[in-house]
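> the sequence and its predicted three-dimensional model are supplied below.
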Amino acid sequence: MTESSTPQDYVPGTHPDLPPPVGTTGAIGWARKNLFSSPLNIALTLISVYILISIIPPLVDWALVKSVWTAENRVECWGKMEEPEGAACWAFVKSRLQLFIYGFYPQAERWRAQLSFVLLIFAILPVLYDKLPGRKHWFWYVVAFPFIAGWLLVGGFGLTPVDTDQIGGIMLALVIGVTGISFSLPIGIALALGRQSNMPVLRLLCVLFIEFMRGIPLIAFLFVASTMLNYFMPPGTAFDLLMRVLIVVTLFAAAYIAEVVRGGLQGLSTGQHEAADALGLNYWKAQRLIILPQALKISIPGIVNTFIGLFKDTTLVLIIGMFDPLGVGRAALADAEWAGLAREVYLFVAMFFFICCFSMSRYSLYLERKLHTGH
Amino acid sequence: MTTLAGARTTDDRNLIARLWGNQEARSVIIQIITMAVVLALVVLVLRNIAINLEAIGKEFNFNFLGAPAAYDISFSPFIEYTSRHTHLRAAVVGILNTLLVAACGILLASVMGFIMGIMRLSSNWLISRMVYVFIEFARNVPILLHILLVHGIIVTTLPPPRQAIDIGANFFVSNRGFFVPAPVFQDGAGVVGIVFIIAIIAAIVFRRWAKQVQDTTGKIYPVFSICTAIIVGATLLAFAVMGAPMSWEIPELKGFNFQGGLALKPEFLALWLALSYYTSCFIAEIVRAGILAVSHGQTEAARALGLQPNRTLQLVIVPQALRVIIPPLTSQYLNITKNSSLAIAIGYMDVVATIGGISLMQTGKEMETMAIVIGVYLVLSLTISAFMNWFNRKMKLKER
């Protein structure tokens, strides 16, 4: 034992900081704290590691390492593998990629689909990114976008008309999703205001509509749209199927938006209403300047969740015979050259929806943090 | 004369303007106009329906319900059904199948959701991350895709019945479904059932009495273990006294498929499992948020009062977390019920697939069949929300 290691050699308060004990910092400390803190945790960690080892490597092998990316048909595809059907055959998805994106949209008119997609990006930008220069002037373009895109896709007024049943794949999902989102928000807000209004008749009508829409699955409404909505119209007028689906999906989503916005409206204190009255604002000015900005801010997570749900629900149109990405995939599987590759198709479609919906939910989280002005 | 008429019109305008200026009168005017517009729309739609139906020679009536359905339903576990039965019976089979898959789904999704929600809060980083990745992947992909995927896995990757996987205890897994032993009740099983119900009532009475004793004297009985003992013990005793009036019917391979036992068809399994794990991801996040919403001070206060950890959980944490959990949980239960309508995509015969699908196609009665489907779902949704509202009121903070 050496003299210098005894504490008496230091003037109190001048002892240099000792390093933290080994095993409480760095990777080891982290692992001890987060993975092996108790016998139960050790067991859970070992089980998890075992599950991960038995799932991840075979999956990566199947999807990436051993997969085949170029082939003419499934026999050739399987021939290129070490063992037939032992890996993913992405050549199938690659050969049907155009079908997945555009559905049966005529080859010669696809520039219109591409143009409306570019226009969509320009319409989404000012909505998502509030530091965009001249954002206020974009507003009218954003409002006009659904109509411009509708004209581009369907044609008429100088463009070659295209039957709406030829719109399919990712394009169809985007058409239904974007239409539903852009029209259900204003209708939903109006319904929520109606439900909160102090006029009993208006309130009753809104409550009836909202509860009716929310009590019944979308698939039943899609059946109504496909089989009997034309009975409701004056004789001689016939909407095409896509139009009917758009109406039904929009009204359906509007009921859910209305409930989310109502939550936001109820979250405001009555003091806000009274303050607006005290300032002498009339109903609409009070709503526009004081109530709705705050209520919508609270309800952003719910609204985005509704949009995510709406976008996922676009797949249901396959049941009434429309070709959304999943429907296109199932149609492609009917091809004898490629039959039996369902896993690849489902995984591809799943990845598409996952990327769209996951980024939407991340954006909602970012917005929530940005708008959080409390403490 | 002209001046008089002119004066009258300005007077009228003044009257309307005055009425419009008055807030109450204005609200009455707006409501009358709204009502008139809505009524006019309804009348217009009804008139259109009448004209359109007459034009194609259809009538609006429910007579077709008594006619033979002439189609088979492969899965009818509760009531007997053959293609000679009526459309009405087919609709009832469909409703029962919807109820079955919704009830099973709610049960499994709740269990999985609570477990996954607690795993998300685990201090074990790996467990929490793994569950997080699973939740994010499952809930950002459409439910229809999950259903088709699970159905595809069961039908294409599992072996046929002849090479069925025997997972022990007479459970068999094959691409025609899962086969499990079915309980067969003999004479005297009814008595066991009655004893079971009486035991439950006795347990409830005991719980009330124990609470009274605790309120007056402060003495605490181990209520949970005594109740379990009463229910399990009495039932087992009755079971033994009546001479074990139950046996198992074991599934056996005959020809190309299993006979006997309880068969869980691939369609039912796929729908049930997919609905459950998809919804359990949402429930897990709700549970997590609910538990996090109970502030840590509550736990500390309970410990300071000298409560044991398990009683802290039972008396302090869970009741407060449930208050946050129940309202969103209700909408998830409603979602399971409504999403069970996707059964039609894989051929599970629920109410949409029977009366709203095949019956509609065969009879051409779109209005009537869809009215039945919509009515069934409305009743189901309203019942579930009424029950959950009652439960919510019961769990609500009782302020004095």
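Sure thing, it's come through.
> C-alpha from now on. contacts and neighbour counts both.
Will do.
> for chain A, what's its nearest residue on the stretch 151-300 of chain B.
Residue of the stretch 151-300 of chain B nearest chain A, by CA to the nearest CA: residue B:152 (7.8 Å).
> what packs against the helix or strand harbouring that residue?
Assigned by DSSP states H and E, residue B:152 falls within helix B:143-152. The helices and strands touching helix B:143-152, judged by 3 or more CA pairs under 8 Å, 6 or more residues apart in numbering or on different chains; DSSP states H and E, are helix A:342-371, helix B:266-293.
> and it with helix B:266-293, angle?
Between the axes of helix B:143-152 and helix B:266-293, defined by axes from the mean of the first three to the mean of the last three CA atoms, to 10 degrees, the angle is 130 degrees.
> chain center to helix B:143-152: distance?
Distance, stretch centre to chain centre, for helix B:143-152: 19 Å (CA atoms, centre = their mean, to the nearest Å).
> immediately after it, which helix or strand?
Later in the chain than helix B:143-152, the nearest helix or strand by DSSP H and E is strand B:165-166.
> and the residue of the stretch 51-200 of chain A found nearest chain B, how many neighbours?
The minimum distance from the stretch 51-200 of chain A to chain B, using CA to the nearest CA, falls at residue A:199 (6.6 Å). Per other CA atoms under 10 Å in any protein chain shown, the neighbour tally for residue A:199 reads 15.
> and it, what does it touch?
The contact partners of residue A:199, by CA atoms under 8 Å, 6 or more residues apart in numbering or on different chains, come to B:27, B:28, B:31.
> if I look at it, how far off is residue A:280?
Per CA to CA, to the nearest Å, residue A:199 is found 21 Å from residue A:280.
> about what we covered before: would TSV of the contacts of residue A:199 with distance to residue A:367 be doable?
What follows is the contacts of residue A:199, written out as TSV (distance: CA to CA, whole Å):
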residue	distance to residue A:367
B:27	37
B:28	41
B:31	38
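> mind listing which of the residues you listed are in helices?
Using DSSP state H, B:27, B:28, B:31 are the members of the contacts of residue A:199 that sit in helices.
> name only those of those residues that count as buried.
Buried by 16 or more other CA atoms under 10 Å in any protein chain shown: B:27, B:28, B:31, out of these.
> without its sequence neighbours, what residue ends up closest to residue A:154?
Leaving aside its chain neighbours, residue A:154 sits nearest to residue A:162 (5.2 Å; criterion: CA to CA, 6 or more residues apart in numbering or on different chains).
> could you export the helix holding residue B:152 as CSV, CA atoms only?
Output of helix B:143-152 as CSV, limited to C-alpha atoms (Å, rounded to 0.1, in the frame of the first residue of the first chain):
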residue,chain,number,x,y,z
ILE,B,143,-56.2,-4.6,-42.5
LEU,B,144,-57.5,-6.2,-45.8
LEU,B,145,-53.9,-7.0,-46.7
HIS,B,146,-53.3,-8.6,-43.3
ILE,B,147,-56.4,-10.8,-43.7
LEU,B,148,-55.4,-11.9,-47.2
LEU,B,149,-51.8,-12.6,-46.1
VAL,B,150,-52.8,-14.7,-43.1
HIS,B,151,-55.3,-16.6,-45.2
GLY,B,152,-52.7,-17.1,-47.8
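> now narrow the buried ones among the ones in helices among the contacts of residue A:199 to whatever sits close to chain A.
Filtering these for neighbours of chain A using CA under 8 Å from any CA of the partner chain leaves B:27, B:28, B:31.
> so which residues of the stretch 51-200 of chain A form helices?
Per DSSP state H, counting those that start in this stretch, the stretch 51-200 of chain A carries helices over the ranges A:74-79, A:90-95, A:97-102, A:110-128, A:135-154, A:169-196, A:200-215.
> domain ranges for chain A, per the record?
In terms of domains, chain A is parsed into A:22-65, A:96-371 (source: automatic domain parsing).
> close to chain B, is the first one?
Yes - between domain A:22-65 and chain B, judged by CA under 8 Å from any CA, the touching residues are A:34, A:35, A:36, A:41, A:44, A:45, A:48.
> quick one: average pLDDT of that domain?
For domain A:22-65, mean pLDDT is 85.
> again with stretch B:187-195
Stretch B:187-195 comes out at a mean pLDDT of 80.
> and if you look at stretch A:215-229?
Here stretch A:215-229 scores 88 as its mean pLDDT.
> just the CA trace of that stretch, in PDB.
Extracted in PDB, the C-alpha atoms of stretch A:215-229 (Å, rounded to 0.1, in the frame of the first residue of the first chain):
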ATOM      1  CA  GLY A 215     -72.000   2.900 -36.900                       C
ATOM      2  CA  ILE A 216     -71.700   1.000 -40.200                       C
ATOM      3  CA  PRO A 217     -68.600  -0.500 -41.900                       C
ATOM      4  CA  LEU A 218     -67.300   1.200 -45.000                       C
ATOM      5  CA  ILE A 219     -67.700  -2.000 -47.000                       C
ATOM      6  CA  ALA A 220     -71.500  -1.800 -46.600                       C
ATOM      7  CA  PHE A 221     -71.500   1.800 -47.900                       C
ATOM      8  CA  LEU A 222     -69.300   0.700 -50.800                       C
ATOM      9  CA  PHE A 223     -72.000  -2.000 -51.600                       C
ATOM     10  CA  VAL A 224     -74.600   0.700 -51.400                       C
ATOM     11  CA  ALA A 225     -72.500   2.800 -53.800                       C
ATOM     12  CA  SER A 226     -72.000   0.000 -56.300                       C
ATOM     13  CA  THR A 227     -75.500  -1.400 -56.200                       C
ATOM     14  CA  MET A 228     -78.100   1.200 -55.400                       C
ATOM     15  CA  LEU A 229     -76.800   4.800 -55.300                       C
END
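> buried residues in that stretch?
Buried, per 16+ other CA under 10 Å, within stretch A:215-229: A:215-229.
> those: which ones sit near chain B?
Filtering these for neighbours of chain B using CA under 8 Å from any CA leaves A:215, A:216, A:217, A:219, A:220, A:223, A:224, A:227, A:228.
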